[in-house]
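1. Could you work out the structure for the sequence below:
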Amino acid sequence: MFEAQKVSVNEIRAWREQIENGDLSDAGEMYQQLAKRGYHYAKWAYGVASADTITGNGALEFMQAVAKEHHHILTDDETNKIRCAG
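-> I've put the predicted structure just below:
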């Protein structure tokens, strides 16, 4: 079985700083790096962050539906904060 490559604390800190100072594409880049290293869940997270995959869009639609069931309409800003946090 393939084992994922380790990620250093410094790499995680650098990615976090990049995301905090950037935009959603930075989160997407981080997920792509993790996926290349064998963290396959990151492909799903990339789809949510980028909103350009079938599974990512499905997850975002599900999130909106659950919020609506709880009588809350998510604003674009709220949705983007969730997407960026991944």
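
2. Quick one: end-to-end length of stretch 28-47, please.
-> In stretch 28-47, first residue to last residue: 8 Å (Cα to Cα, to the nearest Å).

3. roughly how far out does it sit from the chain middle?
-> Offset of stretch 28-47 from its chain centre (Cα atoms, centre = their mean, to the nearest Å): 8 Å.

4. same thing with stretch 73-83?
-> 13 Å.

5. buried stuff in that stretch?
-> The neighbour-count check on stretch 73-83 (16 or more other Cβ atoms under 10 Å) flags 74, 83 as buried. C-beta: built from backbone N, CA, C; applies to glycine.

6. Any chance you could list what contacts that stretch?
-> 24, 27, 48-49, 51, 60, 63-64, 67 (Cβ atoms under 8 Å, 6 or more residues apart in numbering).

7. ok, 10 Å please
-> 23-24, 27-28, 45, 48-51, 56, 59-60, 63-64, 66-68, 72 (Cβ atoms under 10 Å, 6 or more residues apart in numbering).

8. Filter those down to the buried ones.
-> Neighbour counting by 16+ other Cβ under 10 Å classes 24, 27-28, 45, 48-50, 56, 59-60, 63 among the contacts of stretch 73-83 as buried.

9. nearest to residue 11, of those?
-> Residue 11 has its nearest neighbour among these in residue 27, at 14.5 Å by Cβ to Cβ.

10. Distance check, that closest one against residue 61.
-> According to Cβ to Cβ, to the nearest Å, residue 27 stands 19 Å off from residue 61.
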